[in-house]
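Trainee: Next one to model:
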Amino acid sequence: MQLLAYYGRCRRSCFSAGIALALPLSLAGGQQLDTARALSALRDARAACEADAGTLWGRSLCGPIALVDRQTRLVIANDTVAQKHFLRLGDAYVTTLPENQYVANTSFPWEGRTWTMVALPLPRDRYARVGLVMHEVFHREQEALGLRQVDALNNQLDMRPGRTWLRFEYRALARALESLPDQNAARHHAESALIFRAKRRSIYPGSDSLEATLEIQEGLPEYTGQRLAMKLTGEGPARVAKYVRDYEASTPTFVRAFAYGTGPAVGVLLDQFDPAWREEVRKNRDIGALLAQAIHFQRPRDLDKTARARARDYGWDEVDRSEAARDSAHAPAIQGYRARLGTGPVVTLLQSKDSLAWSYDPTELVGFDLQSTVYPSGNFSAPWGKLTVDHGGVLVKNDFSWIKIGLSSAPITAEAKEIKGDGWTLALNPGWSLRPDPSRPGSMVAKKDQ
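Mentor: Numbers count the residues shown, from 1 in each chain. The predicted structure is shown next:
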């Protein structure tokens, strides 16, 4: 969610160690880290940063990167950290991640600087690997660029109409990219994508601002990663089109993930139709609106009729059948979530968004309703303590003001500090305890002791 001006001499606490660069680094339990791939990723990140030289966004993307193994918390980095011991590994360094830091693809503060973190293992494919690392690199610079946005969950995209029209949009965007350099053909398919987008948003009032927000927060980093990967590897727009097609076909849910597919496609099309768009996006934070402006898009008078007619060219029957089948297959799981988390007894955890830290898979989220979301797994921490969810799911309000966990029938004492449920463990901090929730019989709420 940065990069590399910091390769170079070792600083402060240095150890010398001869480690063969092409050999995997052995871990506890017989696991091994692919150090050759990690070192290659850091070198590619440096090359991408230096090749860009700040031209894409008017700011260097160079800075510190930590590649982190989830199990051991071992770090392979392009720079050193004050007061941390490390081993030299070629032109990189090996150390460990701070104990209080979640492992996730993100940016994070470490000893006074903002770092990029990317969880290992990395993709085998070089283009995908560069795209991933540089996506996270952009997150490091996003706030300085004035382009950081809040997380915006789009639960309408887990509902059949929302998913259906989004999938048509993906297909039209892919066709537009495949049509380049024929701008007339690309414009036609881009227009189709915007028609499908307008149709989807007409069903869910307010979704336009939610979607636009996530496209800035995650779509721009994904565009940046793929744009720099294209430059470094020599791939063209057809590679982005393949990515979009694969993304449409393989992503389980789009609630927090749709912009990873639309962002690079819309960005590359804007590069063709309005190369100055990256300056404009700082003022108009809606990349879809910028594309509409660039191709002189006019919303059809009969939007529904036009959208349905165009959808036939992008596989209406296939998409409709598959979405009907998905709805049917997911119905039992949704009913289970509603029974356990919607009406059953729960533990409620209250916090502000600013006090909550979390890690999760954005492609797993399930839209419970338009205001709350099921996280099938993840890690959450706040002043009340730490919640680890391995399976079964928890319900989270989209403004992150509360988390609800399904409560088992086992009694919980007021003194309990570690509580286990079906697929989750809650470790309460000192001074916190669970108490009966007067607003929901049979349920409990975490409270700070008086």
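Trainee: for the protein, which spans come out with low pLDDT?
Mentor: Flagging of the chain using pLDDT under 70 yields the residue ranges 1-32, 409-410, 414.
Trainee: For it, just list every one of the helices.
Mentor: For the chain, the helices defined by DSSP state H occupy 35-52, 126-142, 160-179, 183-203, 207-214, 220-233, 237-250, 259-273, 277-280, 287-294, 303-311, 316-337.
Trainee: Which positions in the longest one come out as buried?
Mentor: This points to helix 316-337. For helix 316-337, burial by neighbour count (16 or more other C-beta atoms under 10 Å) applies to 319, 323, 334, 337. Backbone N, C-alpha and C define where each C-beta goes, glycine included.
Trainee: do the same with the shortest one
Mentor: Using 16+ other C-beta under 10 Å as the test for burial, helix 277-280 gives 277-278, 280.
Trainee: Can you add distance to Thr95 and give these back as a markdown table?
Mentor: A markdown table is the format used below for those (distance: C-beta to C-beta, whole Å):
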| residue | distance to Thr95 |
| --- | --- |
| Trp277 | 40 |
| Arg278 | 35 |
| Glu280 | 41 |
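Trainee: Identify, from those, the entry nearest to Lys417.
Mentor: Checking these against Lys417 by C-beta to C-beta gives Arg278 as the nearest, at 50.1 Å.
Trainee: Phe138 is in contact with the closest one, correct?
Mentor: No - here Arg278 does not reach Phe138: they are 11.9 Å apart, not a contact under C-beta atoms under 8 Å.
Trainee: overlap in contacts of those two?
Mentor: Common neighbours of Arg278 and Phe138 (criterion: C-beta atoms under 8 Å, 6 or more residues apart in numbering): Trp57.
Trainee: and the residue nearest the centre of the chain, what is it in contact with?
Mentor: In the chain, the centroid-proximal residue (C-alpha atoms, centre = their mean) is Pro362; its distance is 5.2 Å. Residues near Pro362 by C-beta under 8 Å, 6+ apart: 218, 255-257, 260.
Trainee: Ramachandran angles for it?
Mentor: phi -70, psi -10 (degrees, to the nearest 10).
Trainee: Ala427 versus that one, what's the distance?
Mentor: Using C-beta to C-beta, to the nearest Å, Pro362 is found at 24 Å from Ala427.
Trainee: same check, this time on Ile287
Mentor: Using C-beta to C-beta, one obtains 41 Å as the distance from Ile287 to Ala427.
Trainee: Equivalent analysis for Asp79, please.
Mentor: Asp79 sits 33 Å away from Ala427, going by C-beta to C-beta.
Trainee: Give me the contacts around the strand ranked longest in the chain.
Mentor: Secondary structure of the chain per DSSP state E: the longest strand is strand 113-120. By C-beta under 8 Å, 6+ apart, the surrounding residues in contact with strand 113-120 are 1-3, 33-34, 38, 41, 63-70, 76-77, 101, 103-109, 132-133, 136-137, 139-140.
Trainee: are any of those buried, and which?
Mentor: 1-3, 33-34, 38, 41, 63-69, 76-77, 101, 103-108, 132-133, 136-137, 139-140.
Trainee: Tell me which entries of those lie within strands.
Mentor: Those of the buried ones among the contacts of strand 113-120 mapping onto strands are 33, 65-69, 76-77, 106-108, per DSSP E.
Trainee: and those, which two are the farthest apart?
Mentor: Farthest apart among those by C-beta to C-beta are Leu33 and Ser107. That separation is 22.0 Å.
Trainee: Break this protein down into its domains, please.
Mentor: Following automatic domain parsing, the chain resolves into domains at 25-142, 155-314, 330-448.
Trainee: For the ones you listed, give me a markdown table that also has distance to Arg148.
Mentor: Output for these, formatted as a markdown table (distance: least, C-beta to C-beta, whole Å):
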| stretch | distance to Arg148 |
| --- | --- |
| domain 25-142 | 4 |
| domain 155-314 | 7 |
| domain 330-448 | 14 |
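Trainee: measure Tyr375 to Leu153 for me?
Mentor: Distance from Tyr375 to Leu153, by C-beta to C-beta: 10 Å.
Trainee: Now the common contact residues for the two.
Mentor: Common contacts of Tyr375 and Leu153, defined by C-beta under 8 Å, 6+ apart, comprise Leu365.
Trainee: if we can go back for a sec, compare Asp79 and Ala427 (neighbour count), which wins?
Mentor: Neighbour count, other C-beta atoms under 10 Å: between Asp79 and Ala427, Asp79 has more, with 22 against 15.
Trainee: for the residue nearest to Ala311 when sequence neighbours are not counted, what are its contacts?
Mentor: Distance criterion C-beta to C-beta, 6 or more residues apart in numbering; nearest residue to Ala311, sequence neighbours excluded, is Phe168 at 5.2 Å. Taking C-beta under 8 Å, 6+ apart, we find Phe168 in contact with 192-193, 196, 307, 310-311, 314-316, 319.
Trainee: try Arg197
Mentor: Arg197 makes contact with 165, 169, 288 under the criterion C-beta under 8 Å, 6+ apart.
Trainee: now do 6 Å
Mentor: Counting by C-beta atoms under 6 Å, 6 or more residues apart in numbering, Arg197 touches 169, 288.
Trainee: likewise Ser372?
Mentor: Applying C-beta under 6 Å, 6+ apart to Ser372 gives the contacts 395, 397.
Trainee: That one pairs with what?
Mentor: Beta-bridge pairing of Ser372 under DSSP bridges involves Lys397.
Trainee: what's the spacing between it and Ala257?
Mentor: 17 Å.
Trainee: Residues in contact with stretch 169-176: which ones?
Mentor: Outside of stretch 169-176, the residues within contact range by C-beta under 6 Å, 6+ apart are 186, 189-190, 192-193, 196-197, 241, 244-245, 248, 261, 265, 269, 314.
Trainee: Which of those residues sits closest to Ala416?
Mentor: For those, the minimum distance to Ala416 (C-beta to C-beta) is 43.6 Å, reached by Gly261.
Trainee: surely the closest one meets Tyr243?
Mentor: No - using C-beta atoms under 6 Å, Gly261 is not in contact with Tyr243, being 7.9 Å away.
Trainee: Which residue ranges of the stretch 351-450 of the chain form strands?
Mentor: Here the stretch 351-450 of the chain has its strands, by DSSP state E, counting those that start in this stretch, at 357-359, 366-367, 372-375, 378-382, 385-389, 394-397, 402-406, 418-420, 424-428, 432-436, 444-448.
Trainee: for these, which one sits closest to Gly342?
Mentor: Closest to Gly342 of these is strand 394-397 (C-beta to C-beta; 7.5 Å).
Trainee: helices or strands next to the closest one in the packing?
Mentor: Packed against strand 394-397, as judged by 3 or more C-beta pairs under 6 Å, 6 or more residues apart in numbering; DSSP states H and E, are the following elements: strand 372-375, strand 402-406.
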